[in-house]
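> for reference, the sequence and a predicted model appear below.
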Amino acid sequence: MKNIKKEWKDSDVCGKMIFNFKNIVSGSGPMKYSFQKRDISTGAELCTISAQGFKTACVSISFVMPLGEKASLYALVPNVLTRSSEKYPDVTALEKKLALLYGADVGVDVSKIGEHQVLKIVVACIDDRFAIDGESITGECCDLLFELVFNPRLVNGVFSADDVESEKRLLCERLAAETSDKRTYAKNRCEEIMCSDELYGINRLGSVEAINGITPEALTDAYNEILKNAKISLCISGGNFPNAEKMLAERLSKVERDVVENETVFVESAEDVQYLKEQEPVKQGKLVMGFRMGMTNGDDNYAARRVMVDLFGGSPHSKLFTVVREKMSLCYYCSARMIRAKGIMFVQSGIESFNEEKARDAILSQLDAIKNGAFSQEDIDSSVKALEDSFKSVTDSAEALESWFSSQVVSGKYLYPEDFISGFKNVQKEDIIKAAGDVTLDTVFMLEGTAGGEE
């Protein structure tokens, strides 16, 4: 029920254009669509994406909270909310309702965008024109979303102890799965070490210890804090949800709102390189290198930096793939990913542990090559084309469009994929060289595989 597939999720999204009350701009991708944002009240907005031709539609509500010590509490809230409500008192009743809505789906997503924690609940369904008897499936799904979010099932004024314990166990299992996946674990450890003095070092789900200590009373208090303090965005993609704005305004009018805001800390450059090694009984070692990108905010020369990262290690034609992996055969995989909302970059590679030093030196050598301009116009064109294809895929479905625009809720600046593509196409070689020159190595984490271990 909660396993909605994320067809597009780029936490780096932000832009330069703000769409206020009635600004509507038409997209120019394969699917024609338009976007509109309206402020409903202080700290609450409605985003609508209109498109024709999709067979599905979806509606989501996102809550933006500062990332901090209550991360586990906040992460648990949407999971408990989507388990039951006053009208649907248990999982069975809720699933029966979803079945009647032609197999509609409820999904939960907890993400970290900069030093913000974003809690999202999504309901996806078929478009109304496919309903056999002409029912308003989208309208009923919108009602269901508001039922789950604003009418939770409470026992003596707090969340059901059984529901809380069940979702605590599932959330702990998700964290355990991240630990078991050594590629994810190594990246998370590098991130934690690199940002140990910054809120970004906190896992978006918190910790197992914190989750285990959650009580129904504490979770109920956290739920009320979210309603009071979070920035809220209701996002509609496709379909017909005529009462959504009115419903949200009515619900929020009953809450004493005091929106809490925070800013992400950007560290422009690394002073010293941190190094940490751990051992695990696995066959393949994991080398993760964390870099500061010289950014002062998410808009700081983004287009050039993104093209540079793709050329460095973002696609099959990149330096890390063609040289370090293919030519030098030092890695099973080797790629770079930029976190725009924090101004950092991670290079992840799977290696034989005895090749750690060689792999590290080779990765840094390829970065130096870009800093020195050792790449062609053809390389630039390939990266721009790869990014263009990736960003255009946003128009593939109503769910992908919802994910794209709702991921921009933190900045409050909304751009179309085409706006980013235009920026990439204007990047010149000297822009890439400059962007690479701003990059400094901050942290190296090595997960060393012990002899005879199994993946």
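Sure, I can see it.
> contacts, neighbours, all on C-alpha from now
OK.
> in which helix or strand would I find residue 74?
Assigned by DSSP states H and E, residue 74 belongs to helix 71-81.
> restrict the following helix or strand past that helix to CA atoms and write it as CSV.
Following helix 71-81 in sequence order, the next helix or strand is helix 91-100 (DSSP H and E). Presented in CSV, the C-alpha positions along helix 91-100 are these (Å, rounded to 0.1, in the frame of the first residue of the first chain):
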residue,chain,number,x,y,z
VAL,A,91,-5.6,-1.4,7.5
THR,A,92,-8.2,-3.8,6.2
ALA,A,93,-10.9,-1.1,6.0
LEU,A,94,-8.5,1.3,4.3
GLU,A,95,-7.4,-1.3,1.7
LYS,A,96,-11.1,-2.1,1.0
LYS,A,97,-11.6,1.5,0.2
LEU,A,98,-8.6,1.7,-2.1
ALA,A,99,-9.8,-1.4,-3.9
LEU,A,100,-13.2,0.3,-4.5
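> what's helix 91-100 in contact with?
Outside helix 91-100, the residues within contact range by C-alpha atoms under 8 Å, 6 or more residues apart in numbering are 1, 83, 84, 88, 104, 105.
> hmm, back to that, what helices and strands are in contact with the helix holding residue 74?
Judged by 3 or more C-alpha pairs under 8 Å, 6 or more residues apart in numbering; DSSP states H and E, the packing partners of helix 71-81 are strand 105-113, strand 116-126, helix 137-150, helix 161-180, helix 208-212, helix 216-229.
> in PyMOL, select just the buried ones from the contacts of helix 91-100.
Those of the contacts of helix 91-100 that count as buried under 16 or more other C-alpha atoms under 10 Å are selected in PyMOL with:
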select buried, resi 83+84+88+104+105
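> just the contacts of helix 91-100 now: which is nearest residue 207?
residue 83 (21.5 Å; C-alpha to C-alpha).
> how much space separates that closest one from residue 107?
Look at residue 83 and residue 107: by C-alpha to C-alpha, to the nearest Å, they are 11 Å apart.
> phi, psi of the spatially closest residue to residue 130 that is not a sequence neighbour?
Residue nearest to residue 130 in three dimensions, not counting chain neighbours: residue 55, with 7.8 Å by C-alpha to C-alpha, 6 or more residues apart in numbering. Backbone torsions of residue 55, given as degrees, to the nearest 10, read phi -90, psi -10.
> now do the contacts for residue 73.
Counting by C-alpha under 8 Å, 6+ apart, the residues that residue 73 touches are 210, 211, 214, 218, 219, 222.
> any chance of the contacts of helix 91-100 in a markdown table, with pLDDT and distance to residue 134 too?
Converted to a markdown table, these look like this (pLDDT from 0 to 100; distance: C-alpha to C-alpha, whole Å):
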| residue | pLDDT | distance to residue 134 |
| --- | --- | --- |
| 1 | 43 | 25 |
| 83 | 96 | 28 |
| 84 | 96 | 27 |
| 88 | 97 | 24 |
| 104 | 96 | 16 |
| 105 | 96 | 20 |
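> of the contacts of helix 91-100, closest to residue 270?
residue 1 (43.2 Å).
> coming back round to it: mark which of the contacts of residue 73 are buried, thanks.
210, 211, 214, 219, 222.
> Serialize those to a markdown table and add fields for pLDDT and distance to residue 44.
Below are the buried ones among the contacts of residue 73 laid out as a markdown table (pLDDT from 0 to 100; distance: C-alpha to C-alpha, whole Å):
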| residue | pLDDT | distance to residue 44 |
| --- | --- | --- |
| 210 | 98 | 29 |
| 211 | 98 | 28 |
| 214 | 98 | 28 |
| 219 | 98 | 23 |
| 222 | 98 | 19 |
